[in-house]
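*Asks:* Sharing a sequence plus its predicted fold:
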Amino acid sequence: MSGPSSDTPRRPGERHGGGKFALAMGALGIVYGDIGTSPIYALREAFDHNDLTVDKANAYGVASIVFWALVVIISIKYLLLVMRADNHGEGGILALTALVLPKRDPQDETRRDDRLKGVAAVVVTLGVFGTALLYGDGLITPAISVLSAVEGFEVATTAAKDWVIPVSIVILVGLFSVQRRGTGGIAKVFGPVMVVWFAVLGLLGLAQIIQHPGVIEAVLPTHAVEFFTHEPLKAFLALGSIFLVVTGGEALYADMGHFGRRPIQLSWYAWVFPALVLNYFGQAALLGDDPTAIESPFYRLAPDWAITPLAVLATMATVIASQALISGAFSLTAQAIQLDYIPRLAIRHTSSEHSGQIYVPLVNWLLMFGCVGLVLGFRSSAALASAYGIAVTATMAITTLLFYRVVRLRFGWSAPKALLILTPLMLVDLAFFAANVPKIPLGGWFPLLVALVLVVQMTTWRRGRDLVAARLRRAEIPIRDMVARVERTNVMRVPGTAVYLFKDAYATPTALLINLEHHSVLHERVVLISVQVSEQALVPTDQRLAIEEVGVGVFQVVLVYGFMEGSDIVEAMDGVEIGGTPFDARGATYFLGDELVIAGKIEGMHPWREQLFVVLDRGADSASRFFKLPPDRVVTVGTHVEI
């Protein structure tokens with residue numbers, strides 16, 4: 001049996017309305033913000049950070065590597081291959097991880113640990129680590145993007161030098177301060193601004209290419225080969241900075257659910273890729289002719305009168321790029337909460353039309369303080385570039401490993417075919433990762449430290465939740481046994497409907513056992529709700545809800561949500577027929593178990609991890625707020641659990 005739900009999965013085009021062209025326009029603003037602002041600093045860092053000789057051979061060699069990096073990593077790996085691995089239309093590293101997990105029966109949570117052993121456990125660990133690395137990227141991208149754009153005013157006038165840091169901080173604080181209002185209105189101007197931005201990128205580069213048409217030869221890989229033979233060690237280290245041109249690659253996959261694969265591909269091939277190639281080749285042509293332009297090759301593409309307007313446009317573009325990363329961090333957090341890797345946090349929906357537009361206050365302010373701290377600590381985009389890249393390269397390598405599992409398990413590829421296609425891509429990932437390793441002492445340690453802290457937190461939370469569930473399960477009795485006991489003892493039934501939320505379906509909630517023990521009464525209608533999270537990103541309406549009567553007036557309800565959906569019990573249950581009567585979700589009384597977790601001497605986790613779990617558990621948002629229950633209809637029943 002099933003009931004109505006508003007969380008009906010829709011195809012990306014249906015979610016946003018309009019055709020592929022409109023979606024492609026939207027993708028310019030959200031998907032390509034990060035990769036589209038890399039021309040501001042990427043080529044400069046390739047030379048400056050690695051003391052490369054600025055000459056024609058090196059400039060053309062770098063341009064050649066940039067071209068082939070965009071082709072291999074973006075066009076082939078992500079757009080052609082990885083984006084085929086969609087989880088019911090959704091993408092991202094957590095969606096990819098979910099695709100390779102064993103199928104889970106919502107009514108059989110007790111065997112979850114057995115299914116997560118072996119290869120599956122390694123896959124989960126990789127997915128968690130990749131997720132943690134993306135938070136580090138989410139911290140660095142707004143800081144380096146805004147800093148690099150504001151530094152353009154220095155090119156226009158040296159008087160702006162002392163204002164770069166304050167202005168960057170003001171922009172970042174302002175950006176994070178408006179997040180609570182939602183991105184719906186702002187998003188409407190994202191696409192048009194980025195259309196102008198990419199047009200300007202292309203025109204600036206084209207002007208230089210016309211003056212130095214020989215740079216077109218950089219499409220030949222022979223220039224890349226010559227680059228490595230010219231200054232081998234410096235060329236290899238330069239890969240760490242050249243990688244900055246593809247740092248938005250993961251965003252293509254993560255935002256697939258918002259726009260769909262085809263619109264993202266359309267906007268890439270028709271607008272973004274040509275503009276980026278023209279601009280990078282234009283910068284290479286400029287450097288080959290004027291090595292002194294290395295101070296700021298991007299802004300030197302423009303005539304003097306256009307530098308200030310270009311800096312204004314660049315600042316707008318970097319704010320858009322930052323917004324995309326911030327929104328992505330919110331979505332990633334919501335997914336991790338649903339998959340039970342992060343404690344429940346307060347999540348606010350900022351749009352009544354699009355469930356994906358959310359605001360997570362704690363994540364927002366942590367990101368803001370982190371970005372401001374990075375600006376104050378590194379003080380320039382050049383210095384901050386040292387911290388950028390290591391996290392993204394590691395995430396991309398993890399994506400390739402997970403994708404190998406997907407093509408073997410889901411696509412039915414043979415091992416030789418999978419290895420033949422994916423080994424070259426993994427070698428590219430590893431080459432870029434190795435080139436970024438020397439950055440670790442210079443700042444690359446920061447995103448790795450962030451990722452390490454988050455991995456410890458996420459794995460501790462997951463392990464702690466499993467231990468708590470195991471402790472509670474020891475005292476559990478099947479709901480049918482409890483009903484039979486109630487019928488034998490003639491427990492008094494009182495009017496009304498009582499709703500008990502409990503994770504394990506068909507088990508007796510602890511709160512219900514405590515009520516029976518202390519009050520010896522049971523409501524006329526008892527509804528046990530078990531909320532389960534599927535490995536699917538979105539769950540179809542007809543699979544959302546199942547109801548079964550397990551005794552006289554006692555009903556078991558299993559609500560299943562996708563890991564990218566919110567859990568609104570009142571909305572899902574209101575009006576659903578239970579026992580021949582429509583369920584009044586707003587008038588029912590909800591009984592919640594509140595486990596006070598205590599670190600003890602029972603074997604399970606290291607003592608310091610137990611203490612960490614206790615802290616995380618006490619800081620988690622309440623279940624009533626998380627499931628959007630009416631606050632005046634909630635009764636909390638407390639128990640002590642020792643882990």
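*Replies:* Cool, got the structure. Numbering: from 1, shown residues only.
*Asks:* Strand partners (parallel or antiparallel) of the strand or helix carrying residue 524?
*Replies:* If you go by DSSP states H and E, residue 524 is part of strand 521-533. Paired strands of strand 521-533, with direction, are strand 492-501 (parallel), strand 554-561 (parallel) (DSSP bridges).
*Asks:* which stretch in those strands has the least confidence?
*Replies:* Ranked by mean pLDDT, the strands paired with strand 521-533 bottom out at strand 492-501, with a mean of 87.
*Asks:* Now the element after that one, going C-ward?
*Replies:* Strand 492-501 is succeeded, C-terminally, by helix 510-519 (DSSP H and E).
*Asks:* Only the buried residues of stretch 499-517, if you could.
*Replies:* For stretch 499-517, the neighbour count (16 or more other CB atoms under 10 Å) marks 499-513, 515-516 as buried. Just so you know, the C-beta spots here come from the backbone N, C-alpha and C atoms, and that holds for glycine as well.
*Asks:* From residue 274, how far off is residue 204?
*Replies:* Plainly put, residue 204 is 13 Å away from residue 274 if you go by CB to CB, to the nearest Å.
*Asks:* More neighbours: which of these two?
*Replies:* residue 204 (25 against 16; other CB atoms under 10 Å).
*Asks:* That one - nearest residue in space that isn't next to it in sequence?
*Replies:* residue 301 (4.1 Å; CB to CB, 6 or more residues apart in numbering).
*Asks:* Can you report how many residues neighbour the one you found?
*Replies:* Counted with other CB under 10 Å, residue 301 comes out at 25.
*Asks:* check contacts around it.
*Replies:* Residue 301 makes contact with 204-205, 207-208, 279, 282-283, 286 under the criterion CB atoms under 8 Å, 6 or more residues apart in numbering.
*Asks:* Of these, just say which sits nearest to residue 571.
*Replies:* Closest approach to residue 571 among the contacts of residue 301 (CB to CB): residue 279, at 47.3 Å.
*Asks:* element containing the closest one, please.
*Replies:* Going by DSSP H and E, residue 279 is in helix 273-289.
*Asks:* Low-confidence stretches in the stretch 401-550 of the chain?
*Replies:* Residue ranges of the stretch 401-550 of the chain with pLDDT under 70: 475.
*Asks:* same thing but at 80, please
*Replies:* Along the stretch 401-550 of the chain, segments meeting pLDDT under 80 span 469-476, 487-491, 517-519, 534-538, 541-542.
*Asks:* again with the stretch 251-400 of the chain
*Replies:* Where the stretch 251-400 of the chain drops to pLDDT under 80, the residues are 251-252, 254-260, 323-325, 327-328, 331, 339, 349-358.
*Asks:* one step back: quick check: next helix or strand after the strand holding residue 524?
*Replies:* strand 545-551.
*Asks:* Partner strands of that next one and their direction?
*Replies:* Here strand 545-551 has these sheet partners by DSSP bridges: strand 554-561 (antiparallel).
*Asks:* Can you give the distance of the strand it pairs with from its chain's centre?
*Replies:* Taking CA atoms, centre = their mean, to the nearest Å, one finds strand 554-561 lying 29 Å from the centre of the chain it belongs to.
*Asks:* Report whether the expected contact of residue 584 with residue 497 is present.
*Replies:* Yes - counting by CB atoms under 8 Å, residue 584 does reach residue 497; the two are 7.2 Å apart.
*Asks:* what's the neighbour count on the closest residue to residue 343 other than its chain neighbours?
*Replies:* The shortest distance from residue 343 to any residue other than its chain neighbours is 3.7 Å, reached at residue 620 (CB to CB, 6+ apart). Neighbour count of residue 620, defined by other CB under 10 Å: 14.
*Asks:* can you pull the contacts of residue 620?
*Replies:* Residue 620 neighbours (CB under 8 Å, 6+ apart): 343-345.
*Asks:* out of the residues you listed, which is most surrounded?
*Replies:* Among these, residue 343 has the most neighbours (other CB under 10 Å), with 21 neighbours.
*Asks:* Can you classify that residue by secondary structure?
*Replies:* Under DSSP: H, G, I helix; E, B strand; the rest coil, the three-state class of residue 343 is coil.
*Asks:* what are the ranges of the helices in the stretch 251-400 of the chain?
*Replies:* Taking DSSP state H, counting those that start in this stretch as the criterion, the stretch 251-400 of the chain carries its helices at 256-259, 261-267, 273-289, 297-300, 307-338, 361-378, 381-384, 390-409.
*Asks:* Report the distance from the fifth one to the chain centre.
*Replies:* With CA atoms, centre = their mean as the basis, the distance from the averaged C-alpha position of helix 307-338 to the chain average is 13 Å.
*Asks:* Just give me the neighbour total for residue 222.
*Replies:* The number of residues packed near residue 222 is 12, by other CB under 10 Å.
*Asks:* Mind telling me what element it is part of?
*Replies:* In this assignment (DSSP H and E), residue 222 forms part of helix 221-230.
*Asks:* Buried residues of the strand holding residue 524, list them for me.
*Replies:* For strand 521-533, burial by neighbour count (16+ other CB under 10 Å) applies to 522-523, 525-533.
*Asks:* Chain neighbours aside, what residue packs nearest to residue 401?
*Replies:* Counting by CB to CB, 6+ apart, residue 126 is the residue found nearest to residue 401 once chain neighbours are left out, at 6.2 Å.
*Asks:* Sort out which residues of the helix or strand hosting that neighbour are buried, please.
*Replies:* Secondary structure from DSSP H and E places residue 126 in helix 119-150. Across helix 119-150, burial judged by 16+ other CB under 10 Å covers 120, 123-150.
*Asks:* and the residue minimising distance to the centre of the chain, what does it touch?
*Replies:* Nearest to the mean C-alpha position of the chain, counting by CA atoms, centre = their mean, stands residue 332 at 3.4 Å. Residues near residue 332 by CB under 8 Å, 6+ apart: 92, 94, 131, 134-135, 138, 254.
*Asks:* next one: stretch 166-184 to chain centre, how far?
*Replies:* Distance of stretch 166-184 from its chain centroid, counting by CA atoms, centre = their mean, is 20 Å.
*Asks:* export that stretch as PDB, just CAs?
*Replies:* Backbone C-alpha positions of stretch 166-184 (Å, rounded to 0.1, in the frame of the first residue of the first chain) are rendered in PDB as follows:
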ATOM      1  CA  PRO A 166      39.600  44.200   3.000                       C
ATOM      2  CA  VAL A 167      37.500  44.300  -0.200                       C
ATOM      3  CA  SER A 168      37.900  40.500  -0.600                       C
ATOM      4  CA  ILE A 169      36.800  39.900   3.000                       C
ATOM      5  CA  VAL A 170      33.800  42.200   2.600                       C
ATOM      6  CA  ILE A 171      32.700  40.400  -0.500                       C
ATOM      7  CA  LEU A 172      33.000  37.000   1.100                       C
ATOM      8  CA  VAL A 173      31.200  38.100   4.300                       C
ATOM      9  CA  GLY A 174      28.400  39.600   2.200                       C
ATOM     10  CA  LEU A 175      28.200  36.500   0.100                       C
ATOM     11  CA  PHE A 176      27.700  34.200   3.100                       C
ATOM     12  CA  SER A 177      25.400  36.600   4.900                       C
ATOM     13  CA  VAL A 178      22.800  36.500   2.100                       C
ATOM     14  CA  GLN A 179      22.700  32.700   1.900                       C
ATOM     15  CA  ARG A 180      19.800  32.500   4.300                       C
ATOM     16  CA  ARG A 181      17.600  34.300   1.800                       C
ATOM     17  CA  GLY A 182      18.100  31.500  -0.800                       C
ATOM     18  CA  THR A 183      19.600  31.600  -4.200                       C
ATOM     19  CA  GLY A 184      16.500  31.500  -6.300                       C
END
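*Asks:* List the buried residues in it.
*Replies:* Neighbour-count burial for stretch 166-184, counted by 16+ other CB under 10 Å, picks out 167-169, 171-172, 175-176, 179, 182-183.
*Asks:* Likewise for stretch 264-277?
*Replies:* Residues of stretch 264-277 classed as buried: 264-268, 271-277 (neighbour count, 16+ other CB under 10 Å).
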